[in-house]
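Colleague: just the structure for this:
(chains A, B, C and D)
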4 protein chains.
Amino acid sequence: MIKVGIIGGTGYTGVELLRLLTQHPQVQVQTITSRSEAGTPVSDLFPNLRGHFDLVFTKPVPENFADCDIVFFATPNGIAMQSVPDLLKSGIKVIDLAADFRIKNVAVWEKWYGMEHRCPDLLDEAIYGLPEMNRVNIAKARLVANPGCYPTAVLLGFLPLLEAGLIDPQHLIADAKSGVSGAGRKASVSSLMGEMGESFKAYSVSGHRHWPEICQVLNTYTTEPVNLTFVPHLVPMIRGIEATLYGTLLRDVSLEEISLSLVQRYQDEPFIDVLPAKSHPETRSVRGVNRCQLAVHRPQDSNMVVVLSVIDNLVKGAAGQAIQNMNIMSGLPETTGLNGVGLLP
Amino acid sequence: MIKVGIIGGTGYTGVELLRLLTQHPQVQVQTITSRSEAGTPVSDLFPNLRGHFDLVFTKPVPENFADCDIVFFATPNGIAMQSVPDLLKSGIKVIDLAADFRIKNVAVWEKWYGMEHRCPDLLDEAIYGLPEMNRVNIAKARLVANPGCYPTAVLLGFLPLLEAGLIDPQHLIADAKSGVSGAGRKASVSSLMGEMGESFKAYSVSGHRHWPEICQVLNTYTTEPVNLTFVPHLVPMIRGIEATLYGTLLRDVSLEEISLSLVQRYQDEPFIDVLPAKSHPETRSVRGVNRCQLAVHRPQDSNMVVVLSVIDNLVKGAAGQAIQNMNIMSGLPETTGLNGVGLLP
Amino acid sequence: MIKVGIIGGTGYTGVELLRLLTQHPQVQVQTITSRSEAGTPVSDLFPNLRGHFDLVFTKPVPENFADCDIVFFATPNGIAMQSVPDLLKSGIKVIDLAADFRIKNVAVWEKWYGMEHRCPDLLDEAIYGLPEMNRVNIAKARLVANPGCYPTAVLLGFLPLLEAGLIDPQHLIADAKSGVSGAGRKASVSSLMGEMGESFKAYSVSGHRHWPEICQVLNTYTTEPVNLTFVPHLVPMIRGIEATLYGTLLRDVSLEEISLSLVQRYQDEPFIDVLPAKSHPETRSVRGVNRCQLAVHRPQDSNMVVVLSVIDNLVKGAAGQAIQNMNIMSGLPETTGLNGVGLLP
Amino acid sequence: MIKVGIIGGTGYTGVELLRLLTQHPQVQVQTITSRSEAGTPVSDLFPNLRGHFDLVFTKPVPENFADCDIVFFATPNGIAMQSVPDLLKSGIKVIDLAADFRIKNVAVWEKWYGMEHRCPDLLDEAIYGLPEMNRVNIAKARLVANPGCYPTAVLLGFLPLLEAGLIDPQHLIADAKSGVSGAGRKASVSSLMGEMGESFKAYSVSGHRHWPEICQVLNTYTTEPVNLTFVPHLVPMIRGIEATLYGTLLRDVSLEEISLSLVQRYQDEPFIDVLPAKSHPETRSVRGVNRCQLAVHRPQDSNMVVVLSVIDNLVKGAAGQAIQNMNIMSGLPETTGLNGVGLLP
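Modeller: As a prediction, the model looks like this:
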């Protein structure tokens, strides 16, 4: 049994970790913390968990994690970096679902996140937790930076085409759309249903924190830094990300060949499902599950390839991927506890 | 392994049966039929099932069910009664998720369903598949009539209070609200998102087919026929039923006592979860799972008790309850394959 | 031209007042205040108003209202009572869209609103602004308490039947459902789309502030205080209230007769639209407009009458009704500026 | 008074024409047809229109239009072309909200619409009814082809930049998202709320009928045919289109200069509202009104300009634009009857 702690359990990634871990046969959740809800039974806050957990939120003090093998941070950005060094010293492995360890360049991180980094020396050691590109390193890691939701959807679509040299790294566009749970579970006017419901908009077009994260990874696949335009949008639904990715083909290659490059790249990946070319993946097909569905198009046989990529932002884009990483770090079969079926309709 | 067949697999209860059965360790789905989609892989129609099933829709001909132990009908009303007699003769057990065998009185059935019944002689034998009131009979049944979604939510709330003699059978009101998946997956203008979205209305107020079904069951708990007013409404969401039930108290009994009567009635029921009095159950807490959450109120200490009851109409209100019945009929632990957690948010 | 001021313009009733007043030929909005947004152009906060208003939010200081004929309070409860006495002294009429002047009994108000009333002496003078019952008094009023959204929907449905002596005041049930804009535009976790979307629940069942308000009005139509059970629910949509009202018939009266009592009661009312008996009014039919649609049912010819009532909570339930009151108080035709058509779909 | 006829009044553009025309002081709707609903009062089908129209649907026979000045076709594609020649001969002007007269090249039309054109000789005469580019011709037209919803949103964003020579016509991407009312009001499984709700997907990526329409217009602004990639998506909301447009800058031009080119291009346009650069227009701000809101971005000062464009697909994308065209064709001020404010929230 892996003994697990969750720091920051009152947000959507926290409750999603709990939901998914109830299905995991090798995990025991030892402790879950919340500064504001300490003393409250978890199932009072999240009645879907009634009967599945007897946990009570505790204060995030070190002694509560003493016997954990691994700790998930489901906290806002800037929290994990305050206690990760101590946890690592105690021999506890860490998976941070926030952004504290995703960016290697501390200056870039501090610019985009607007605060000073507390343990920049750990940035090198931290492994970017996208198993489909980084599995070997994750297996050996003490500290995993779980990828952002948009980066997961975008990278999984672009990587095979960049690896295969099919598209021009200087003309990449990612038009991404997210359900509102991506904005988290904190009180804010802009996230009210009265504000987000029955409406659609782009946001942060001039600059979103996931842009440098995506670029950093893409750049490891190219000789020159990529030129990526990334535009996120808000969809009036709760879960799901769809990324529509545009690449300019470097040579005349058939749609079948393009599709094949994805199929082959992911043939051994349990959580990546390449649909037949010209399919239209829907976010609902992956609702609640740790899966990315992809499909490619080449409209009007032009020089433009379009990749469609869907994930559940709270699962493959957060809690599910974190558990996938935990499985890898723990030597378990990667799919342990992650065999659910998308909730459709 | 129980060998299962599903007749009518293209509707929402069909795909939900498949989704839930992927999690069932003792079931093998042998065949799934669809007149219109015969030849189509199931996962082409429902991409959430990709990788979980290799099934292809077949025509609903008898030989396709020859080796099944149990067959689920997930068809429109009036279909099951055409072939159930033959299936039973072949030694196959049947669970009908439609309404063909729910009403004991054939004249009542024919009035409300507007057609002639094909095998009225089976109505007596058919067991109403609400395990929380009928478990023993279900265990011995060849033919189970799976309850309607509204009846499930309404009956589970009213029964304990009627059994305890707390409320007046002559003044029962059930104000019920359902997500749109209750209307099924057939092309119709009234079920378009353009018609149902961002709006709320009552429907079938002057008479809904679930009214005689609910009354029939309630009447078994009372000496006089009950006087029930049942008003269904349509909620602009996909899954979930909430029933707000009003009963007039026959004597001055405290809220705690009322709540206790529910708690005690359901203390051994794995799928009924009585929340503390004055709670407000939400449909999302039971989304995707075979669970009913209940809570009671007595506003202003008046003579009126209010019971709040929520289920997922496609699970405890249809496919999940059908699998619960299958478990009982097959001698399996009742919760086998039904341990999921509600998808919140 | 009526010179109008709006105090508290950043909430949903504030922007709705502005939207509706752009269509009013006899009104000039002089000033709109917001403590938090003073200095911000109104159309920066609400881009739908771009090109329709040049207004800038100002601080709510008396001099900003000096030349107003009438002032609307679109503030949280407890704000209006702080400055209404001064405004009245200055000869300015007031319409309070909040609850400060709705309850006549100061002890009841203080119990339900949890604060001390600042000007209880004005409670007697304040006129309850439901024009369909109070038009003559409104015309003479200096201070109008604009009704709550739920009370508007419930009262308009019950009043004709109580007036006609058709139903028993001791057995009234109002099962009401509201869109989320009813919760206002303030930051709160419970109003996030992630919390309210795709789910349905009852709330405040044990006691909601609109219960004493509804009772107070109903009691003026009966000899004994009524026995009303009022249960509000939250619908995952933005605008609209539907109230399903249950009354026990005192005598055997046909559905046609019941329906006729509503038709006759409202035959001269421009904003009340009685649909044929057995109709099912939808909230979308009145979206954005100052209209209440009603229909009656008598299911199974039982002793129970069901009235269905729909309004837009922000219009007939708030801003539209306030403008209707303003028209009456100003001697204008009551429908001035209120002739829109519901936004369907 | 302009005497107006509407052919095909049971769809969403039909009811939207009626809704908007109730606010038009110079129009009298003489007749509205529906083959399937002939004899039904319009307000039975659309209760939001109760009290605003006494119209009854009639059969679409010529004599019903005899005294009309102008006729709107709100029919499926392929219907208008069957009777437009006769109407024009009778001296009646026509505005077709469907696609029959949008494409000049009959072969292209027949390829994309899959049928033979009945009156290809009229294609040359038909004027493409986008007033912001074609006002003078519309004023003189007998036959106006009202633009598609996507083309309206896309063209209004791209045209100023192409006219100003700022972007490369060989690298145009339009990533467009539409509410579900764009799919119309016909029974179909794919448009059920159970299918479209709470999910997001791209569709028709390999080829959508609006692609040749957009290209045809863009080509009139360039020397070479443009290379446009157009990807439509479905948003789980009812109304609204957002188009995110990507253009590659031909020279280093500041964001301010880009924004200014839009501001200047549209300075006299009553229905085009250019927001400050870096704004994020929301579809709700234009809900129910004949307005396009635009804003530009240049993320990370790269060579890519992003234009955000929002309209209500049923208004500026259909019925509102049709009325705008009618005003122009009739010599009325262009804004007559089109002064509403977007329904926010």
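Colleague: next, the buried residues of the lengthiest helix in chain A.
Modeller: Secondary structure of chain A per DSSP state H: the longest helix is helix A:149-163. Residues of helix A:149-163 classed as buried: A:149-162 (neighbour count, 16 or more other CB atoms under 10 Å in any protein chain shown). Using the backbone N, CA and C atoms, a C-beta is placed for each residue, glycine as well.
Colleague: let me see the mean pLDDT of stretch A:254-263.
Modeller: The pLDDT scores in stretch A:254-263 average 98.
Colleague: show residues contacting it.
Modeller: The contact list for stretch A:254-263 (CB atoms under 8 Å, 6 or more residues apart in numbering or on different chains) reads A:160-161, A:164, A:166, A:274, A:276-278, A:294-298, A:305, A:307.
Colleague: let's see if you can find the most crowded of those residues.
Modeller: A:Val296 (30 neighbours; other CB atoms under 10 Å in any protein chain shown).
Colleague: wait, a helix at that residue?
Modeller: No: under DSSP: H, G, I helix; E, B strand; the rest coil, A:Val296 sits outside any helix and is assigned strand.
Colleague: tell me the contacts of it?
Modeller: A:Leu255, A:Ile258, A:Ser259, A:Leu262, A:Ala277, A:Val305, A:Val306, A:Val307, A:Leu308 are the contacts of A:Val296 under CB under 8 Å, 6+ apart.
Colleague: can I get those residues in JSON lines with secondary structure?
Modeller: JSON lines is the format used below for the contacts of A:Val296 (three-state DSSP):
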{"residue": "A:Leu255", "secondary structure": "helix"}
{"residue": "A:Ile258", "secondary structure": "helix"}
{"residue": "A:Ser259", "secondary structure": "helix"}
{"residue": "A:Leu262", "secondary structure": "helix"}
{"residue": "A:Ala277", "secondary structure": "coil"}
{"residue": "A:Val305", "secondary structure": "strand"}
{"residue": "A:Val306", "secondary structure": "strand"}
{"residue": "A:Val307", "secondary structure": "strand"}
{"residue": "A:Leu308", "secondary structure": "strand"}
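Colleague: need these in JSON lines (columns: distance to B:Pro333).
Modeller: Formatted as JSON lines, the entries for the contacts of A:Val296 read as follows, by distance: CB to CB, whole Å:
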{"residue": "A:Leu255", "distance to B:Pro333": "50"}
{"residue": "A:Ile258", "distance to B:Pro333": "49"}
{"residue": "A:Ser259", "distance to B:Pro333": "45"}
{"residue": "A:Leu262", "distance to B:Pro333": "42"}
{"residue": "A:Ala277", "distance to B:Pro333": "45"}
{"residue": "A:Val305", "distance to B:Pro333": "51"}
{"residue": "A:Val306", "distance to B:Pro333": "49"}
{"residue": "A:Val307", "distance to B:Pro333": "45"}
{"residue": "A:Leu308", "distance to B:Pro333": "42"}
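Colleague: coming back round to it: elements contacting the longest helix of chain A?
Modeller: Secondary-structure packing of helix A:149-163 (3 or more CB pairs under 8 Å, 6 or more residues apart in numbering or on different chains; DSSP states H and E): helix A:131-140, strand A:167-179, helix A:210-219, strand A:228-235, strand A:241-249, helix A:255-265, strand A:292-297, strand A:304-311.
Colleague: which of the contacts of A:Val296 lies closest to B:Ala98?
Modeller: Closest approach to B:Ala98 among the contacts of A:Val296 (CB to CB): A:Leu308, at 36.6 Å.
Colleague: how near is that closest one to D:Asp175?
Modeller: To D:Asp175, A:Leu308 is 11 Å away according to CB to CB, to the nearest Å.
Colleague: could you do A:Pro345 as well?
Modeller: Taken as CB to CB, the span from A:Pro345 to D:Asp175 is 26 Å.
Colleague: rewinding a little: from the contacts of A:Val296, which is closest to D:Glu116?
Modeller: Looking across the contacts of A:Val296 and measuring by CB to CB, the closest to D:Glu116 is A:Leu255, at 30.1 Å.
Colleague: the closest one: neighbour count?
Modeller: Neighbours around A:Leu255, by other CB under 10 Å: 16.
Colleague: show me how the record splits chain A into domains.
Modeller: Here the domain parsing of chain A from automatic domain parsing is A:2-146+A:318-329, A:150-311.
Colleague: over to the residue lying closest to A:Tyr266 once chain neighbours are set aside: give its phi and psi.
Modeller: Ranked by CB to CB, 6 or more residues apart in numbering or on different chains and with sequence neighbours excluded, the top spatial neighbour of A:Tyr266 is A:Ile272, at 4.0 Å. Phi and psi for A:Ile272, reported as degrees, to the nearest 10, are phi -110, psi 130.
Colleague: retrieve the pLDDT associated with A:Ile272.
Modeller: 98.
Colleague: what's the helix or strand for A:Gly194?
Modeller: If you go by DSSP states H and E, A:Gly194 is part of helix A:193-196.
Colleague: quick one: name whatever helix or strand follows that helix.
Modeller: Next along from helix A:193-196, by DSSP H and E: strand A:201-202.
Colleague: could you pull up phi and psi at A:Asp44?
Modeller: Dihedral angles (degrees, to the nearest 10) for A:Asp44: phi -70, psi -40.
Colleague: tell me how many other residues crowd it.
Modeller: If we define neighbours as other CB under 10 Å, then A:Asp44 has 15 of them.
Colleague: what parts of the stretch 51-200 of chain A come near chain D?
Modeller: Selection of the stretch 51-200 of chain A residues close to chain D by CB under 8 Å from any CB of the partner chain yields A:His171, A:Ile173, A:Asp175, A:Lys177, A:Gly179, A:Gly194, A:Glu195, A:Gly197, A:Glu198, A:Ser199, A:Phe200.
Colleague: out of those residues, who's nearest C:Thr40?
Modeller: Using CB to CB, those come closest to C:Thr40 at A:Glu195, 16.5 Å.
Colleague: surely the closest one touches A:Val189?
Modeller: Yes: under the criterion of CB atoms under 8 Å, A:Glu195 makes contact with A:Val189 at 6.4 Å.
Colleague: how about A:Gly317, secondary structure?
Modeller: Taking three-state DSSP, the label given to A:Gly317 is coil.
Colleague: and the nearest residue to it once chain neighbours are set aside, what pLDDT?
Modeller: Closest residue to A:Gly317 apart from its sequence neighbours, by CB to CB, 6+ apart: A:Cys149 at 3.1 Å. Per-residue pLDDT puts A:Cys149 at 98.
Colleague: kindly report the same for the one 5 residues further on.
Modeller: Residue-level confidence at A:Val154 comes out at 98, pLDDT.
Colleague: which residues sit in contact with it?
Modeller: Counting by CB under 8 Å, 6+ apart, A:Val154 touches A:Ala174, A:Ala176, A:His210, A:Ile214, A:Phe230, A:Ala243, A:Leu245, A:Ser309.
Colleague: roughly how far apart are the closest residue in space to A:Arg209 that isn't next to it in sequence and A:Ser188?
Modeller: Counting by CB to CB, 6+ apart, A:Arg209 lies nearest to A:Trp112, which is 4.9 Å off, once chain neighbours are set aside. Plainly put, A:Trp112 is 20 Å away from A:Ser188 if you go by CB to CB.
Colleague: more neighbours, those two?
Modeller: Taking neighbours as other CB under 10 Å, A:Trp112 and A:Ser188 compare with A:Trp112 leading, 17 against 14.
Colleague: re the thing from before, list just the nearest of the contacts of A:Val154 to chain B.
Modeller: A:Ser309 (13.8 Å; CB to the nearest CB).
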